[in-house]
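Q: have a look at this prediction, sequence included:
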Amino acid sequence: PRPAATAMSMHTTEEWAQHAAKNMMQAQTAQHKSHHQCDKSKRAHEGTVSNNLSMYDELTQSMNQKVKNSYRLIEKLQKRAHSLENSIQQSQSSQAMLEKALRDKDAPLQLCTWRCEQREKRPLREQVRDAVEVALEDEKSTLVDTQRRLTEAIRRTKAMIGELNEVLQEVRHDIDQKMQALSVDEMCLRSAERSMHAVVERTPPPSSARSGRSPSALKARRHQVALHESSKNEVVRQQEAERLNRAAAAKEEAAKAMREDSARCAQRCEQVAVDAAAKSEKRMQERVNENQSMRRRLEGELRETQSRIEHTKNTMSETRHQIKALEEPIDLTATCASWRKQRATREHIVDPVSTTLQEHRLTVLHAHQDLVSHHQSEKSNLKELHDRRERLKEDLRDKTNALHIDLNCLTHEVVRLNGAPWAGLSKQKLTRAIKADKTWIPGAVAMSAR
């Protein structure tokens with residue numbers, strides 16, 4: 001028998017059609033999904049570009065603001081640093097002024113001490129605590145006090161200069177740190193701008209993205225907390241710079257007040273020193289005048305004493321002459337009395353002649369005794385006059401020596417020779433002093449350096 005025929009196809013026409021329709025449907029589904037995915041990717045691309053550009057804008061704006069803030073702070077701190085440098089220079093000038101004022105007090109103090117030492121050389125009877133001594137002691141005390149006050153002012157000024165230098169170093173350190181941070185921020189800003197331009201060139205944003213970007217809204221949504229914290233840090237940074245600037249300004253004001261106080265202190269010290277020196281010289285001039293007046297009185301008394309000595313000598317000479325003259329009547333009465341004793345007995349009576357001779361003899365003897373007594377008194381008075389004259393001479397000599405010492409003190413002023421203080425003569429005062437006493441010989445005496 002003949003075999004049966006084999007079927008050529010496994011599927012029917014309906015299955016074939018269904019299969020094709022299914023494939024087409026699946027393709028359409030895949031196409032739809034692909035189209036949907038492409039739309040989503042495109043939106044993601046646009047969002048990425050938009051967000052990236054928004055963050056670039058936010059970053060550049062933040063960097064620009066940070067750079068501007070840094071420039072502002074650096075400019076303010078640099079002005080403060082320059083002001084601090086000027087304040088330090090002014091304080092150093094004030095210190096130099098105070099040191100000069102202190103050095104200027106050395107010479108007057110040396111002169112005052114030298115004058116005290118010179119007056120200690122006065123004769124013992126002239127070493128009295130007079131107005132000159134009190135004035136010199138006051139002047140010395142005043143000069144020592146001014147030196148103490150100026151030394152204290154110098155110490156305070158040095159301390160203030162040290163504090164200003166510390167503040168200046170702190171300001172400079174802050175400026176250096178901000179300058180370094182500014183250079184980094186500027187480098188980052190330039191790099192961000194270059195990167196942004198490169199991104200824009202590679203992936204230009206769609207018009208919808210360009211118009212629809214909202215960095216502030218995005219910042220508020222995504223970085224609100226972090227931005228708030230970072231803003232607080234920036235505010236603290238600026239506040240610290242302001243605090244440093246205010247502290248430096250306050251220190252400058254304190255230094256300015258100290259400089260003004262130092263200037264007033266130096267002026268007051270100079271004035272009291274000048275007043276004390278003028279007072280001492282006034283008292284010395286008054287003492288010189290008083291000494292001259294006393295010397296004139298002593299000279300007058302000495303002349304009167306010398307005149308009395310001469311008068312007493314003349315009187316003594318006259319007294320001796322009178323005593324000598326009494327020898328003749330004494331001899332006469334004695335001779336006559338001896339002769340009359342040789343009369344005859346009848347004639348040897350007490351007659352008027354005998355009585356007269358006796359009275360004459362008694363009168364002459366009494367006068368002789370009286371003259372001898374006067375002569376002794378005259379000798380005693382002459383000796384006392386000589387003693388008084390010598391004492392007057394000694395007193396006058398001592399007062400002259402004291403006058404010469406005071407004139408020497410009065411006419412000398414401080415000069416510097418090879419850096420050492422000397423008591424040199426003042427030409428203006430020298431003329432007046434020579435008129436006061438032509439016997440005075442001026443001289444310069446070196447003072448020991450401190």
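A: Cool, the structure landed.
Q: pretty sure residue 415 belongs to a strand, no?
A: Yes - counting by DSSP: H, G, I helix; E, B strand; the rest coil, residue 415 is part of a strand.
Q: the helices in this protein, which residues?
A: Counting by DSSP state H, the chain has helices at residues 13-119, 131-202, 207-212, 215-222, 224-325, 327-340, 352-411, 427-436.
Q: need the ones you listed in TSV (columns: distance to residue 346 and mean neighbour count).
A: No exception for glycine: its C-beta is placed from N, CA and C like everyone else's. Listed next are those as TSV, based on distance: least, Cβ to Cβ, whole Å; neighbours: other Cβ atoms under 10 Å:
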stretch	distance to residue 346	mean neighbour count
helix 13-119	93	15
helix 131-202	93	16
helix 207-212	194	12
helix 215-222	182	13
helix 224-325	37	15
helix 327-340	14	13
helix 352-411	15	16
helix 427-436	89	14
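Q: now those helices as JSON lines including mean pLDDT and distance to residue 125?
A: Listed next are the helices of the chain as JSON lines, based on pLDDT from 0 to 100; distance: least, Cβ to Cβ, whole Å:
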{"stretch": "helix 13-119", "mean pLDDT": "89", "distance to residue 125": "14"}
{"stretch": "helix 131-202", "mean pLDDT": "92", "distance to residue 125": "15"}
{"stretch": "helix 207-212", "mean pLDDT": "50", "distance to residue 125": "116"}
{"stretch": "helix 215-222", "mean pLDDT": "50", "distance to residue 125": "104"}
{"stretch": "helix 224-325", "mean pLDDT": "91", "distance to residue 125": "12"}
{"stretch": "helix 327-340", "mean pLDDT": "82", "distance to residue 125": "49"}
{"stretch": "helix 352-411", "mean pLDDT": "88", "distance to residue 125": "5"}
{"stretch": "helix 427-436", "mean pLDDT": "64", "distance to residue 125": "21"}
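Q: and residue 189, what does it touch?
A: 60, 63, 64, 67 (Cβ atoms under 8 Å, 6 or more residues apart in numbering).
Q: and of those residues, the nearest to residue 338?
A: Residue 338 lies nearest to residue 67 out of the contacts of residue 189, by Cβ to Cβ, at 153.4 Å.
Q: state the distance from that closest one to residue 168.
A: From residue 67 across to residue 168, the span is 25 Å (Cβ to Cβ, to the nearest Å).
Q: kindly report the same for residue 197.
A: 42 Å.
Q: likewise residue 318?
A: Taking Cβ to Cβ, one finds residue 318 at 101 Å from residue 168.
Q: and residue 271, by the same measure?
A: Taking Cβ to Cβ, one finds residue 271 at 35 Å from residue 168.
Q: kindly report the same for residue 363.
A: Distance from residue 363 to residue 168, by Cβ to Cβ: 117 Å.
Q: find the centremost residue of the chain, please.
A: By Cα atoms, centre = their mean, the chain has its centre lying nearest to residue 98, at 3.0 Å.
Q: so residue 192 touches residue 55, yeah?
A: No - judged on Cβ atoms under 8 Å, residue 192 makes no contact with residue 55 at a distance of 9.9 Å.
Q: what's near enough to touch residue 97?
A: By Cβ under 8 Å, 6+ apart, the neighbours of residue 97 are 262, 263, 266.
Q: just these now: which is nearest residue 387?
A: Closest approach to residue 387 among those (Cβ to Cβ): residue 266, at 59.0 Å.
Q: can I assume the closest one is in contact with residue 96?
A: No - using Cβ under 8 Å, residue 266 is not in contact with residue 96, being 11.1 Å away.
Q: residues shared between the contacts of those two?
A: Residues touching both residue 266 and residue 96 (Cβ under 8 Å, 6+ apart): none.
Q: distance of the closest residue to the residue nearest to the centre of the chain other than its chain neighbours relative to residue 144?
A: The shortest distance from residue 98 to any non-neighbouring residue, by Cβ to Cβ, 6 or more residues apart in numbering, is to residue 154 (4.8 Å). From residue 154 across to residue 144, the span is 16 Å (Cβ to Cβ).
Q: same question, residue 160
A: The gap separating residue 160 from residue 144 is 25 Å, by Cβ to Cβ.
Q: residue 252 now?
A: On the measure of Cβ to Cβ, residue 252 and residue 144 end up 34 Å apart.
Q: could you do residue 305 as well?
A: From residue 305 across to residue 144, the span is 47 Å (Cβ to Cβ).
Q: wait, doesn't residue 111 sit right on residue 411?
A: No - when contacts are counted by Cβ under 8 Å, residue 111 is not listed as touching residue 411 (11.7 Å).
Q: pull the contacting residues for residue 301.
A: Taking Cβ under 8 Å, 6+ apart as the test, what residue 301 contacts is residue 392.
Q: gap between it and residue 404?
A: Counting by Cβ to Cβ - residue 301 and residue 404 are separated by 21 Å.
Q: repeat for residue 203
A: Taking Cβ to Cβ, one finds residue 203 at 110 Å from residue 404.
Q: do residue 267 as well
A: Residue 267 is 37 Å from residue 404, where distance means Cβ to Cβ.
Q: what does residue 116 give?
A: For residue 116, the distance to residue 404 (Cβ to Cβ) stands at 16 Å.
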